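Here's my sequence, what's the structure:
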Amino acid sequence: MEPDHQEVVARLSEARYLARCGCNGGTYHLYWDAATFRLTPEGLRFLAQVLEDLLERGGEGVVWLGTVDLRFRQEEGEALLRLLHTGLLPRRSRPGLWPRYVN
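Numbers count the residues shown, from 1 in each chain. Sure, this is the predicted structure:
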C-alpha cells in the first residue's frame with residue numbers, strides 16, 4: 001500500500017508502479033517488486049532514455065541505479081519504459097481556489 005502523501009501516476013501491477021510526491025520539489029518513487037527507487041524528474045527522464053537506448057539494441061538488459069542493478073527481459077524493459085513514459089506525461093493542474101468575479 002502506497003503512503004498517503006503520494007499520488008500513483010502509472011501502474012503495471014500491485015508491485016510495479018510509479019508514484020509522485022511533493023518531497024524535495026516533486027520526487028518520483030519507482031516501486032519494482034521488492035525494490036523502491038527514489039528519483040528526481042530529471043533522473044526519471046534519464047532512466048527512460050537509457051532504457052530506450054538499451055531496448056533499441058534488443059534483448060535483455062541491466063540498468064544500474066546506484067549500487068543496485070535492475071535486470072529485465074525485453075518485455076519487462078518495454079513495460080517499464082511504458083510505465084515511465086506514462087508517469088512523465090504532464091498532469092493537469094488542479095486549482096486550489098477557483099477565481100470569482102466581484103463587482
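
List the contacts of the closest residue to residue 73 other than its chain neighbours.
Nearest residue to residue 73 in three dimensions, chain neighbours excluded: residue 60, at 5.3 Å (C-beta to C-beta, 6 or more residues apart in numbering). The way it works is simple: take the backbone N, C-alpha and C, and place the C-beta from them, glycine included. By C-beta atoms under 8 Å, 6 or more residues apart in numbering, the contact set of residue 60 is 71, 72, 73, 74, 77.

likewise residue 32?
15, 16, 70, 80.

Tell me the spacing between residue 33 and residue 70.
10 Å (C-beta to C-beta, to the nearest Å).

whoops, I mixed them up, residue 29
On the measure of C-beta to C-beta, residue 29 and residue 70 end up 15 Å apart.

Now residue 58: which helix or strand?
Residue 58 is part of no helix or strand, with elements assigned from DSSP states H and E.

Who is residue 19 paired with across the strands?
Beta-bridge partners for residue 19, by DSSP bridges, are residue 8, residue 29.

is it true that it touches residue 7?
Yes: the criterion here is C-beta atoms under 8 Å, and residue 19 meets it with residue 7 at 6.3 Å.

which residues touch the closest residue to residue 11 other than its chain neighbours?
Nearest non-adjacent residue to residue 11, counting by C-beta to C-beta, 6+ apart: residue 17, 4.0 Å away. Counting by C-beta under 8 Å, 6+ apart, residue 17 makes contact with 2, 8, 10, 11, 31, 83.

In a markdown table, list the residues you listed along with distance to residue 45, pLDDT and secondary structure.
Converted to a markdown table, the contacts of residue 17 look like this (distance: C-beta to C-beta, whole Å; pLDDT from 0 to 100; DSSP: H, G, I helix; E, B strand; the rest coil):
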| residue | distance to residue 45 | pLDDT | secondary structure |
| --- | --- | --- | --- |
| 2 | 22 | 50 | coil |
| 8 | 19 | 91 | strand |
| 10 | 14 | 93 | strand |
| 11 | 19 | 95 | strand |
| 31 | 18 | 94 | strand |
| 83 | 13 | 95 | helix |
